[in-house]
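**Student:** this one's sequence-less:
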């Protein structure tokens with residue numbers, strides 16, 4: 001069975017103003033703001049990353065394993081295969097993958113709130129280097145419609161994931177640390193230009 005994820009990711013300047021617009025549109029807050037810790041797993045030779053695939057362990061108020069692959073762009077919208085399942089124990093799951101030859105390659109953190117309107121999910125994300133919104137739905141028409149309702153410019157859809165932005169930022173600013181954590185970014189001021197993105201709510 002194939003599982004498909006279809007979403008757009010946008011950089012935003014004013015996350016709280018956007019949250020207010022989401023609520024005015026009638027969306028329900030289905031997940032309160034929660035801290036996430038994510039671990040990307042790969043082989044020693046980075047085989048998954050080189051093949052455009054991702055294996056991730058995520059811990060927030062639950063634990064989950066996610067696999068993503070076959071990403072392609074349609075306008076600013078990303079479509080890809082996604083398989084996700086909840087696990088009972090984050091640490092045990094990590095030990096299992098390590099026993100299979102996978103190792104931690106990067107840790108990344110964020111805070112996330114999730115809203116739902118019909119078949120559309122709106123995720124408000126706070127990353128160490130800025131704020132973002134992800135809109136996920138079964139088809140592009142619903143994604144475009146929600147973005148329009150929220151006053152967001154879909155032309156600024158980001159073509160990579162958060163780790164891709166992090167890699168570009170590390171090269172641009174010659175950052176020496178390996179993990180995308182709030183502690184590492186404490187004393188850094190990151191602009192949209194540093195990330196190569198445009199604010200969709202400008």
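**Tutor:** Noted; the coordinates are in hand. Computed from a prediction, not measured in an experiment: that's the story for all the values here.
**Student:** and the helices in this protein?
**Tutor:** 15-24, 47-50, 90-99, 140-149, 162-173, 192-195 (DSSP state H).
**Student:** report the buried residues of the longest one.
**Tutor:** When you say that, I think you mean helix 162-173. Across helix 162-173, burial judged by 16 or more other C-beta atoms under 10 Å covers 162, 163, 165, 166, 167, 169. Placement of C-beta: from N, CA and C, glycine included.
**Student:** out of the residues you listed, which is nearest to residue 39?
**Tutor:** residue 163 (11.3 Å; C-beta to C-beta).
**Student:** any idea how far residue 145 is from that closest one?
**Tutor:** Residue 163 is 29 Å from residue 145, where distance means C-beta to C-beta, to the nearest Å.
**Student:** for residue 184, same thing?
**Tutor:** Separation of residue 184 from residue 145 (C-beta to C-beta): 37 Å.
**Student:** cool, and residue 15?
**Tutor:** 21 Å.
**Student:** which pLDDT value belongs to the nearest residue to residue 22 once chain neighbours are set aside?
**Tutor:** Spatial nearest neighbour of residue 22, chain neighbours left out: residue 115 (4.9 Å); criterion: C-beta to C-beta, 6 or more residues apart in numbering. Here the pLDDT value assigned to residue 115 is 98.
**Student:** ok, which stretches of this protein are strands?
**Tutor:** 4-12, 28-42, 54-59, 63-74, 77-87, 103-117, 120-127, 130-136 (DSSP state E).
**Student:** and the first one, what does it pack against?
**Tutor:** With contacts taken as 3 or more C-beta pairs under 8 Å, 6 or more residues apart in numbering; DSSP states H and E, strand 4-12 sits against strand 77-87, strand 130-136, helix 140-149.
**Student:** coming back round to it: among the strands of the chain, which is nearest residue 177?
**Tutor:** strand 103-117 (10.2 Å).
**Student:** what about the closest one, distance to the chain center?
**Tutor:** 6 Å (C-alpha atoms, centre = their mean, to the nearest Å).
**Student:** find the nearest non-adjacent residue to residue 68, please.
**Tutor:** Residue 68 sits nearest to residue 54 (C-beta to C-beta, 6+ apart), 4.4 Å away.
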